[in-house]
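Asker: what follows is a predicted structure for the sequence shown.
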Amino acid sequence: MVDYHAANNQSSGGPPTYMEQENDWDRDMLLDPAWEKQQRKTFTAWCNSHLRKSGTQIENIEEDFRDGLKLMLLLEVISGERLPKPERGKMRVHKINNVNKALDFIASKGVKLVSIGAEEIVDGNAKMTLGMIWTIILRFAIQDISVEETSAKEGLLLWCQRKTAPYKNVNVQNFHISWKDGLAFNALIHRHRPDLIDYDSLRKDDPVTNLNNAFEVAEKHLDIPKMLDAEDIVNTARPDEKAIMTYVSSFYHAFSGAQKAETAANRICKVLAVNQENEQMMEDYEKLASELLEWIRRTIPWLENRTQEKTMNDMQAKQEDFRDYRRVHKPPKVQEKCQLEISFNTLQTKLRLNNRPAFMPSEGRMVSDINGAWHTLEGAEKGYEEWILSEIRRLERLEHLAEKFHQKAAIHESWTDGKEAMLTQKDYETSTLSEVKALLRKHEAFESDLAAHQDRVEQIAAIAQELNELDYYDSASVNARCQKICDQWDSLGALTQSRKESLERTEKQLESIDELYLEYAKRAAPFNNWMEGAMEDLQDMFIVHNIEEIQGLITAHEQFKSTLPEANKEREAIQAIQSEVQKIAQSNGIKLGSANPYTTITPESIDNKWAKAMDMVPQRDKALQEELNKQNNNDSLRAKFATQANTVGAYIQAKMEEIGRISIEMNGTLEDQLTSLKDYQKSIMSYMPEINTLEGYHQLIQEALIFDNQYTSYTMEHLRVGWEQLLTTIARTINEVENQILTRDAKGISQEQLFEYRASFNHFDKDHGGTLQAEEFKACLISLGYDVENDKQGDSEFARIMGIVDPNGSGAVTFQAFIDFMSRETTDTDTADQVIASFKILAADKTFITADELRRELPPDQAEYCIARMAPYTGPDAVPGALDYMSFSTALYGESDL
């Protein structure tokens with residue numbers, strides 16, 4: 001037979017041709033005629049599965065295709081194309097022409113037909129007719145099968161192997177022996193429709209039952225006609241390969257729609273998984289931000305509370321609570337704030353990488369809002385610490401003043417005890433002239449004593465006034481005592497004046513007076529008052545804050561001691577007056593009274609007070625020396641703190657400058673940079689013991705009530721803030737590199753591209769500040785080939801790009817924004833159109849989708865996610881329960897609202 005369609009031959013160097021397969025078929029027929037029976041059944045059933053779509057079928061494959069009419073109809077059904085109009089005549093020539101039209105159509109599809117002519121088909125040649133049908137099956141049912149870059153027979157075999165791999169007793173290696181026990185057919189059905197097959201109930205040693213089960217289920221539920229009998233396969237040593245391939249290809253085409261749906265569902269699952277993860281991160285951010293802001297909101301009123309305490313112990317308890325806040329409560333919140341900022345940056349990076357709109361936190365929960373609240377917290381914290389220290393100073397001063405007040409008041413009250421009774425007595429009315437004169441002189445001495453006590457009364461009033469001004473908690477009792485002293489003092493003044501006037505009225509009658517007694521009284525009274533003042537000073541409480549103040553007290557004390565010899569001379573002179581009195585009395589035989597009529601101050605009391613004062617001097621020396629030692633110790637604490645603070649301050653400043661250089665000059669891969677930065681972070685954290693040492697010194701200084709330090713300009717608050725800024729800067733730099741890794745991996749950017757981006761960015765970052773100003777960024781874009789020159793079109797393009805990299809309009813472009821823009825320009829991501837196309841496949845090309853379809857095609861959680869968020873579909877073709885997947889898909893990418 002002549003090669004009827006030689007014009008369609010393929011080159012000899014190409015892949016195997018259909019003719020080569022036909023030759024295999026020809027030899028097979030010669031080897032085992034029983035295969036012809038299998039092929040007849042299979043091919044007839046396959047043809048009828050298509051012809052029935054046009055309302056016809058064949059009974060005898062070699063007879064019913066002889067006139068070419070049903071052959072042309074079959075080709076039209078399986079190709080979906082129209083063939084030339086057939087000839088309706090009954091003559092042989094009409095039939096040959098119709099068959100030739102069919103063969104021409106087959107050849108036009110790239111099929112090489114060898115040894116098959118229209119005459120053999122018209123003559124009913126069964127062998128040629130089966131060969132032609134096999135060629136059609138190969139071309140239209142098997143050729144387009146493609147699995148993992150393999151096609152046709154190899155693709156179909158690979159598809160079968162992939163689908164049946166999980167099933168026991170199934171090992172598909174060919175299209176003959178591997179299918180004899182029927183398990184492979186059942187496995188294919190169970191893999192796609194597990195509800196139709198109870199696979200575990202099948203037995204390998206019962207092939208007929210297995211085959212009949214698969215064929216009946218396929219015919220009843222999958223619309224795959226029964227093409228073979230189980231006995232035909234079981235009773236043949238090697239079933240016909242072409243018959244099995246034809247049968248299996250029907251299973252492939254029946255399940256190919258499910259494969260597309262699975263692919264579409266996978267795409268949607270991927271997109272939804274990204275969206276769900278992003279939403280979870282948003283919820284976590286909102287929750288953490290709310291909790292941190294709530295903690296700040298609760299803490300600030302506590303720090304702003306200025307309720308004053310009554311005692312030093314109560315105030316020091318407040319100070320200890322504040323230290324606990326600094327050591328225990330605040331550090332975890334510092335970490336939370338840092339983690340919150342890192343989470344926000346990571347979320348924004350993921351949203352950009354997945355082509356999603358940027359995340360805008362709820363009102364009042366922006367990172368800037370949290371930073372503002374944190375700044376307010378730290379301001380309140382600083383103010384609270386300063387207030388505590390000032391209150392401690394105030395209470396210390398108050399306690400000292402209160403003790404001094406009560407001491408002076410007690411001395412004064414002791415002195416005034418009995419004075420009113422003395423001033424109100426009428427003893428002068430029955431006294432002699434000498435006694436009256438004595439009373440008058442005594443009264444003058446009392447007036448001198450009263451005047452000397454005026455300073456003490458004024459001091460008591462001044463101390464009470466100061467206690468009131470400093471808001472002393474027990475001011476009421478102080479005021480009452482002070483008022484009582486003042487009232488008594490006024491009464492003493494009035495009584496003194498009244499007694500003086502009474503004595504002066506009788507003075508004319510009294511002339512005799514003992515001058516020596518008078519002189520003694522006049523000199524003894526101020527000396528006694530001086531001794532009382534000296535003893536009061538020696539017992540006086542003192543409070544100092546530095547060496548200079550204690551040295552001033554020591555100097556004053558030394559000056560006081562230098563006056564003691566002169567005072568002792570005065571004491572001896574006073575005692576000599578009393579001796580002279582005794583001498584005169586003895587020499588003149590005068591009987592003296594039991595006491596000096598002009599004063600109650602006896603020589604014995606003067607000597608006793610002098611001895612007591614001399615005992616107080618070394619005690620005062622000891623107290624002053626102990627305070628000097630304390631101030632020397634305090635000065636040593638200041639020096640230790642200053643040495644450590646100066647070292648830590650210089651370290652923090654150096655590391656801040658160093659991390660600034662590292663963030664600009666980092667080399668190597670991003671992973672190497674990340675490793676280096678984390679190692680660097682560990683090295684910084686290893687310095688923590690130095691910070692703790694400094695905190696220890698600071699606590700000792702506060703416990704010692706040291707409020708100044710001339711050896712250093714650093715404060716603990718300043719160093720704490722610097723240390724926290726250093727840790728935060730390192731964490732931010734690490735997070736920036738991690739986000740660059742995310743960008744590189746998600747966008748497929750090579751390491752060389754990242755180096756190129758970094759080099760370009762650093763080149764135009766003239767001030768090494770980590771950002772590009774607008775003009776610097778424009779120069780960088782021009783160097784990379786972007787048309788943003790200074791013309792109308794260039795300015796418009798530059799404004800568009802700035803809107804992408806600087807959405808907030810700050811006028812500066814960060815390196816992360818620069819990488820995001822370059823990666824967006826050079827890579828591709830999922831789009832809303834792709835997601836819409838995937839939903840359209842699941843919806844069977846409808847413009848809407850139903851909840852049942854979503855639950856059937858998607859995992860339960862993601863199906864319910866879509867159902868809860870999709871709006872009802874309102875198009876003209878809507879059905880009850882229809883959902884709008886188009887608006888949902890665009891909303892995922894920020895092109896509309898959910």
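Answerer: Nice, thanks for sending it over. Numbering: from 1, shown residues only.
Asker: that's a strand at N171, yeah?
Answerer: No - under DSSP: H, G, I helix; E, B strand; the rest coil, N171 sits outside any strand and is assigned coil.
Asker: quick one, phi/psi of the closest residue to it other than its chain neighbours?
Answerer: Excluding the flanking residues, the one nearest N171 by C-beta to C-beta, 6 or more residues apart in numbering is S178, at 6.6 Å. For every residue, glycine as well, the C-beta is placed using N, CA and C. Backbone geometry at S178, expressed as degrees, to the nearest 10, gives phi -60, psi -10.
Asker: next one: S178 from K90, what distance?
Answerer: Distance from S178 to K90, counting by C-beta to C-beta, to the nearest Å: 47 Å.
Asker: L272 contacts C866, doesn't it?
Answerer: Yes - because the distance of 7.0 Å satisfies C-beta atoms under 8 Å, L272 is recorded as touching C866.
Asker: any residues in contact with both of those two?
Answerer: Shared contacts of L272 and C866 (C-beta atoms under 8 Å, 6 or more residues apart in numbering): L858.
Asker: which strands and helices sit next to the helix or strand hosting D615?
Answerer: Under the criterion of DSSP states H and E, D615 resides in helix 603-665. Contacts defined by 3 or more C-beta pairs under 8 Å, 6 or more residues apart in numbering; DSSP states H and E place helix 603-665 against helix 515-539, helix 547-562, helix 564-588, helix 670-685, helix 688-703, helix 716-747.
Asker: 10 Å - rerun?
Answerer: helix 515-539, helix 547-562, helix 564-588, helix 670-685, helix 688-703, helix 716-747, helix 751-764 (3 or more C-beta pairs under 10 Å, 6 or more residues apart in numbering; DSSP states H and E).
Asker: and of those helices, who's closest to Q773?
Answerer: Across these, Q773 has its closest neighbour in helix 751-764 (9.1 Å, C-beta to C-beta).
Asker: now the angle from the closest one to helix 603-665?
Answerer: Helix 751-764 runs at 120 degrees relative to helix 603-665, counting by axes from the mean of the first three to the mean of the last three C-alpha atoms, to 10 degrees.
Asker: show me what contacts the most centrally placed residue in the chain?
Answerer: Against the mean C-alpha coordinate of the chain, by C-alpha atoms, centre = their mean, the closest residue is L340 at 1.6 Å. By C-beta atoms under 10 Å, 6 or more residues apart in numbering, the residues touching L340 are 284-285, 288-289, 291-292, 365, 367, 370.
Asker: pLDDT score assigned to it?
Answerer: On the pLDDT scale, L340 is placed at 87.
Asker: mind listing what's buried along the helix or strand hosting it?
Answerer: According to DSSP H and E, L340 maps onto helix 330-353. Neighbour counts using 16 or more other C-beta atoms under 10 Å place 330, 333, 336-338, 340-353 of helix 330-353 among the buried residues.
Asker: likewise stretch 545-561?
Answerer: 546, 550, 553-554, 557.
Asker: same check, this time on stretch 794-811
Answerer: In terms of neighbour count (16+ other C-beta under 10 Å), stretch 794-811 has its buried residues at 794, 797-798, 801-802, 805-806.
Asker: which residues are contacting that stretch?
Answerer: Stretch 794-811 is contacted by residues 352, 358, 771-775, 777-778, 781-782, 786-791, 812-814, 816-822, 824-825 when judged by C-beta under 10 Å, 6+ apart.
Asker: 7 Å - rerun?
Answerer: 358, 773-774, 778, 781, 787-788, 812-813, 817-818, 821 (C-beta atoms under 7 Å, 6 or more residues apart in numbering).
Asker: what's the offset of that stretch from the middle of its chain?
Answerer: Relative to the chain's own centre, stretch 794-811 is displaced by 29 Å; criterion: C-alpha atoms, centre = their mean, to the nearest Å.
Asker: what about the strands in the stretch 1-150 of the chain?
Answerer: 146-147, 150-151 (DSSP state E, counting those that start in this stretch).
Asker: okay if I get those strands as CSV plus distance to L694?
Answerer: Rendered in CSV, the data for these read as follows (distance: least, C-beta to C-beta, whole Å):
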stretch, distance to L694
strand 146-147, 69
strand 150-151, 71
